[in-house]
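J.: Requesting a structural model of the entry that follows:
(2 chains)
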Amino acid sequence: GDSVTQMEGPVTLSEEAFLTINCTYTATGYPSLFWYVQYPGEGLQLLLKATKADDKGSNKGFEATYRKETTSFHLEKGSVQVSDSAVYFCALSDSTGGFKTIFGAGTRLFVKA
Amino acid sequence: DVKVTQSSRYLVKRTGEKVFLECVQDMDHENMFWYRQDPGLGLRLIYFSYDVKMKEKGDIPEGYSVSREKKERFSLILESASTNQTSMYLCASSFLGTDAEKLFFGSGTQLSVL
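T.: Below you'll find the model as predicted:
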(Lines give C-alpha, C1' and ligand atoms only; values in the text may rest on other atoms or scores of the structure.)
Protein backbone atom coordinates (compact mmCIF):
# COMPACT_ATOMS: atom_id res chain seq x y z
CA GLY A 1 0.00 0.00 0.00
CA ASP A 2 0.88 3.67 -0.03
CA SER A 3 3.50 4.82 2.45
CA VAL A 4 5.65 7.77 3.49
CA THR A 5 9.17 7.59 4.87
CA GLN A 6 10.87 10.58 6.41
CA MET A 7 14.20 11.07 8.10
CA GLU A 8 14.40 10.26 11.77
CA GLY A 9 14.94 13.01 14.25
CA PRO A 10 15.54 14.85 16.26
CA VAL A 11 17.28 17.39 14.10
CA THR A 12 19.12 20.08 16.07
CA LEU A 13 20.26 23.26 14.32
CA SER A 14 21.51 26.67 15.28
CA GLU A 15 19.50 29.73 14.34
CA GLU A 16 20.01 30.82 10.71
CA ALA A 17 21.22 27.36 9.64
CA PHE A 18 19.93 25.65 6.49
CA LEU A 19 17.28 22.98 7.00
CA THR A 20 16.55 19.86 4.97
CA ILE A 21 14.14 17.15 6.08
CA ASN A 22 14.03 14.25 3.67
CA CYS A 23 10.78 12.58 2.62
CA THR A 24 10.15 9.79 0.12
CA TYR A 25 6.88 8.11 -0.75
CA THR A 26 5.39 5.02 -2.33
CA ALA A 27 2.05 5.32 -4.07
CA THR A 28 0.18 3.42 -6.76
CA GLY A 29 -1.64 6.44 -8.15
CA TYR A 30 -0.79 10.13 -8.53
CA PRO A 31 -0.83 11.50 -5.01
CA SER A 32 -0.87 15.01 -3.66
CA LEU A 33 1.96 15.64 -1.22
CA PHE A 34 1.94 17.70 1.96
CA TRP A 35 4.03 18.95 4.82
CA TYR A 36 2.21 19.50 8.11
CA VAL A 37 3.74 21.11 11.21
CA GLN A 38 2.86 20.50 14.85
CA TYR A 39 3.94 23.11 17.37
CA PRO A 40 4.17 22.10 21.04
CA GLY A 41 0.77 21.47 22.59
CA GLU A 42 -1.11 21.97 19.32
CA GLY A 43 -2.65 19.91 16.56
CA LEU A 44 -1.18 19.66 13.09
CA GLN A 45 -1.54 22.47 10.60
CA LEU A 46 -0.87 22.43 6.89
CA LEU A 47 2.46 24.04 6.00
CA LEU A 48 2.54 23.50 2.24
CA LYS A 49 1.32 21.21 -0.52
CA ALA A 50 2.00 20.17 -4.10
CA THR A 51 -0.48 18.37 -6.28
CA LYS A 52 1.52 17.25 -9.32
CA ALA A 53 5.04 16.46 -10.50
CA ASP A 54 7.50 19.40 -10.51
CA ASP A 55 5.14 21.60 -8.47
CA LYS A 56 6.83 23.56 -5.71
CA GLY A 57 4.92 24.26 -2.52
CA SER A 58 6.07 27.16 -0.35
CA ASN A 59 5.01 28.94 2.83
CA LYS A 60 6.72 30.90 5.63
CA GLY A 61 10.13 30.46 3.95
CA PHE A 62 9.74 26.69 3.67
CA GLU A 63 9.80 24.99 0.26
CA ALA A 64 9.36 21.49 -1.12
CA THR A 65 9.36 20.25 -4.72
CA TYR A 66 7.36 17.25 -5.93
CA ARG A 67 9.93 14.98 -7.61
CA LYS A 68 8.20 12.10 -9.35
CA GLU A 69 11.40 10.57 -10.72
CA THR A 70 12.86 10.17 -7.22
CA THR A 71 9.48 9.89 -5.43
CA SER A 72 10.60 12.57 -3.01
CA PHE A 73 9.25 15.74 -1.39
CA HIS A 74 12.09 17.12 0.74
CA LEU A 75 11.39 20.11 2.98
CA GLU A 76 13.91 22.97 2.95
CA LYS A 77 14.36 26.34 4.59
CA GLY A 78 17.29 28.65 4.04
CA SER A 79 17.51 30.16 7.52
CA VAL A 80 15.69 28.61 10.48
CA GLN A 81 14.48 30.49 13.54
CA VAL A 82 13.90 29.34 17.11
CA SER A 83 10.17 29.64 16.42
CA ASP A 84 10.48 26.89 13.78
CA SER A 85 11.07 24.31 16.52
CA ALA A 86 8.27 21.78 16.01
CA VAL A 87 7.49 18.33 14.63
CA TYR A 88 7.20 18.14 10.83
CA PHE A 89 5.12 15.48 9.09
CA CYS A 90 5.30 14.54 5.44
CA ALA A 91 2.04 13.14 4.07
CA LEU A 92 0.32 12.01 0.90
CA SER A 93 -3.25 11.80 -0.25
CA ASP A 94 -4.04 9.55 -3.16
CA SER A 95 -7.33 10.10 -4.92
CA THR A 96 -7.62 6.39 -5.59
CA GLY A 97 -7.54 5.85 -1.83
CA GLY A 98 -10.56 8.01 -1.17
CA PHE A 99 -10.33 10.48 1.65
CA LYS A 100 -7.36 8.97 3.44
CA THR A 101 -4.19 10.91 4.14
CA ILE A 102 -1.13 8.83 5.03
CA PHE A 103 1.49 10.37 7.28
CA GLY A 104 5.15 9.76 7.88
CA ALA A 105 6.49 9.21 11.39
CA GLY A 106 7.37 12.87 11.91
CA THR A 107 10.70 14.65 12.40
CA ARG A 108 11.28 16.76 15.48
CA LEU A 109 13.30 19.95 14.87
CA PHE A 110 15.06 21.85 17.64
CA VAL A 111 16.51 25.27 16.78
CA LYS A 112 18.98 26.78 19.27
CA ALA A 113 19.48 30.53 19.67
CA ASP B 1 -10.77 30.50 10.89
CA VAL B 2 -11.80 26.87 10.97
CA LYS B 3 -12.05 25.55 14.45
CA VAL B 4 -11.90 21.88 15.40
CA THR B 5 -12.50 21.43 19.11
CA GLN B 6 -11.78 18.31 21.10
CA SER B 7 -13.60 18.08 24.40
CA SER B 8 -10.66 17.15 26.64
CA ARG B 9 -6.94 17.90 26.49
CA TYR B 10 -5.99 15.20 29.00
CA LEU B 11 -7.95 12.15 30.09
CA VAL B 12 -7.08 9.36 32.53
CA LYS B 13 -9.20 6.19 32.50
CA ARG B 14 -9.02 2.72 33.93
CA THR B 15 -8.74 -0.54 32.02
CA GLY B 16 -12.15 -1.79 30.96
CA GLU B 17 -13.89 1.59 31.12
CA LYS B 18 -15.96 2.85 28.20
CA VAL B 19 -14.40 6.07 26.92
CA PHE B 20 -15.92 8.79 24.75
CA LEU B 21 -13.80 11.31 22.89
CA GLU B 22 -15.75 14.17 21.37
CA CYS B 23 -14.89 16.39 18.42
CA VAL B 24 -16.80 19.36 17.04
CA GLN B 25 -16.02 21.45 13.94
CA ASP B 26 -17.62 24.77 13.07
CA MET B 27 -17.06 25.04 9.30
CA ASP B 28 -19.72 22.72 7.94
CA HIS B 29 -17.12 20.21 6.75
CA GLU B 30 -18.43 16.98 5.30
CA ASN B 31 -15.44 14.79 6.16
CA MET B 32 -14.23 14.03 9.66
CA PHE B 33 -11.41 11.78 10.86
CA TRP B 34 -9.95 10.23 13.98
CA TYR B 35 -6.21 9.54 14.13
CA ARG B 36 -3.98 8.32 16.89
CA GLN B 37 -0.44 9.65 17.18
CA ASP B 38 2.34 7.55 18.69
CA PRO B 39 6.08 8.35 18.81
CA GLY B 40 7.93 6.87 15.86
CA LEU B 41 4.69 5.80 14.15
CA GLY B 42 3.29 9.12 13.07
CA LEU B 43 -0.46 9.40 12.65
CA ARG B 44 -2.57 6.34 11.95
CA LEU B 45 -6.17 6.57 10.78
CA ILE B 46 -8.73 4.87 13.03
CA TYR B 47 -12.06 5.83 11.41
CA PHE B 48 -13.43 8.47 9.10
CA SER B 49 -16.82 9.75 8.07
CA TYR B 50 -17.89 11.59 4.92
CA ASP B 51 -21.49 12.23 5.91
CA VAL B 52 -23.88 12.09 8.83
CA LYS B 53 -24.42 8.52 10.00
CA MET B 54 -21.77 7.28 7.58
CA LYS B 55 -18.48 5.77 8.73
CA GLU B 56 -15.56 3.93 7.22
CA LYS B 57 -12.81 1.94 8.89
CA GLY B 58 -9.31 3.29 8.69
CA ASP B 59 -6.10 1.35 9.15
CA ILE B 60 -6.45 0.49 12.86
CA PRO B 61 -10.18 0.30 13.79
CA GLU B 62 -9.94 -2.64 16.21
CA GLY B 63 -11.13 -1.76 19.69
CA TYR B 64 -12.79 1.49 18.52
CA SER B 65 -16.14 2.61 17.22
CA VAL B 66 -17.47 5.99 16.10
CA SER B 67 -20.69 7.93 15.97
CA ARG B 68 -21.74 10.79 13.74
CA GLU B 69 -25.32 11.84 14.49
CA LYS B 70 -24.81 15.48 13.48
CA LYS B 71 -22.64 16.92 10.76
CA GLU B 72 -20.49 18.98 13.13
CA ARG B 73 -19.82 16.25 15.71
CA PHE B 74 -17.77 13.07 15.43
CA SER B 75 -17.28 10.87 18.49
CA LEU B 76 -14.70 8.16 19.05
CA ILE B 77 -15.67 5.39 21.45
CA LEU B 78 -13.38 2.93 23.19
CA GLU B 79 -15.76 0.18 24.20
CA SER B 80 -13.43 -1.32 26.81
CA ALA B 81 -10.26 0.68 27.24
CA SER B 82 -6.96 -1.15 27.35
CA THR B 83 -3.45 0.03 28.22
CA ASN B 84 -2.33 -0.24 24.58
CA GLN B 85 -4.84 2.47 23.73
CA THR B 86 -2.85 5.01 25.72
CA SER B 87 -2.05 7.57 23.04
CA MET B 88 -2.64 11.04 21.64
CA TYR B 89 -5.91 11.16 19.71
CA LEU B 90 -6.35 13.76 16.99
CA CYS B 91 -9.58 14.71 15.28
CA ALA B 92 -9.54 16.35 11.84
CA SER B 93 -12.03 17.61 9.29
CA SER B 94 -12.03 18.64 5.64
CA PHE B 95 -14.29 19.84 2.85
CA LEU B 96 -15.79 17.58 0.22
CA GLY B 97 -14.78 18.80 -3.21
CA THR B 98 -11.83 20.92 -4.28
CA ASP B 99 -9.18 21.20 -1.58
CA ALA B 100 -10.75 18.17 0.12
CA GLU B 101 -7.30 16.91 0.94
CA LYS B 102 -6.48 19.77 3.30
CA LEU B 103 -7.05 18.59 6.85
CA PHE B 104 -7.86 20.85 9.80
CA PHE B 105 -6.87 19.38 13.15
CA GLY B 106 -7.95 19.78 16.73
CA SER B 107 -5.37 20.17 19.51
CA GLY B 108 -5.58 16.53 20.52
CA THR B 109 -6.60 14.48 23.56
CA GLN B 110 -3.84 12.72 25.47
CA LEU B 111 -5.48 9.58 26.84
CA SER B 112 -3.84 7.50 29.53
CA VAL B 113 -5.34 4.09 30.35
CA LEU B 114 -4.15 2.71 33.68
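J.: Touching, B:Val19 and B:Tyr89? I think so.
T.: No. Assessed by CB atoms under 8 Å, B:Val19 is found out of contact with B:Tyr89, at 9.7 Å. (C-beta placed from N, C-alpha, C; glycine too.)
J.: which residue ranges form the strands in chain A?
T.: A:3-6, A:11-14, A:19-21, A:23-26, A:32-38, A:44-50, A:56-59, A:62-65, A:75-77, A:86-93, A:101-103, A:107-112 (DSSP state E).
J.: Show me which residues of chain B sit near chain A.
T.: B:4, B:31, B:33, B:35, B:40-45, B:48, B:50, B:56, B:58, B:90, B:92, B:94, B:100-108 (CB under 8 Å from any CB of the partner chain).
J.: Let me have the strands of chain A in JSON lines, extended by mean pLDDT and mean neighbour count.
T.: Output for the strands of chain A, formatted as JSON lines (pLDDT from 0 to 100; neighbours: other CB atoms under 10 Å in any protein chain shown):
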{"stretch": "strand A:3-6", "mean pLDDT": "94", "mean neighbour count": "18"}
{"stretch": "strand A:11-14", "mean pLDDT": "97", "mean neighbour count": "14"}
{"stretch": "strand A:19-21", "mean pLDDT": "97", "mean neighbour count": "17"}
{"stretch": "strand A:23-26", "mean pLDDT": "96", "mean neighbour count": "19"}
{"stretch": "strand A:32-38", "mean pLDDT": "95", "mean neighbour count": "24"}
{"stretch": "strand A:44-50", "mean pLDDT": "94", "mean neighbour count": "20"}
{"stretch": "strand A:56-59", "mean pLDDT": "96", "mean neighbour count": "14"}
{"stretch": "strand A:62-65", "mean pLDDT": "98", "mean neighbour count": "20"}
{"stretch": "strand A:75-77", "mean pLDDT": "98", "mean neighbour count": "20"}
{"stretch": "strand A:86-93", "mean pLDDT": "94", "mean neighbour count": "24"}
{"stretch": "strand A:101-103", "mean pLDDT": "90", "mean neighbour count": "24"}
{"stretch": "strand A:107-112", "mean pLDDT": "96", "mean neighbour count": "16"}
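J.: Out of the ones you listed, which is closest to B:Gly63?
T.: strand A:101-103 (20.4 Å; CB to CB).
J.: That closest one and chain B, any residue contact?
T.: Yes. Strand A:101-103 lies within reach of chain B by CB under 8 Å from any CB, at A:Thr101, A:Ile102, A:Phe103.
J.: A:Thr51 contacts A:Phe73, doesn't it?
T.: No. A:Thr51 is beyond contact range of A:Phe73, at 11.4 Å (criterion: CB under 8 Å).
J.: give me the number of residues near the residue of chain B found nearest chain A?
T.: Distance from chain A to each residue of chain B (CB to the nearest CB) is smallest for B:Phe105, at 3.3 Å. Other residues near B:Phe105 come to 23 when the count uses other CB atoms under 10 Å in any protein chain shown.
J.: Could you tell me the per-residue confidence at the residue most central in space within chain B?
T.: For chain B, B:Trp34 is the residue whose C-alpha lies nearest the centre (CA atoms, centre = their mean; 2.7 Å). If you check B:Trp34, the pLDDT there is 97.
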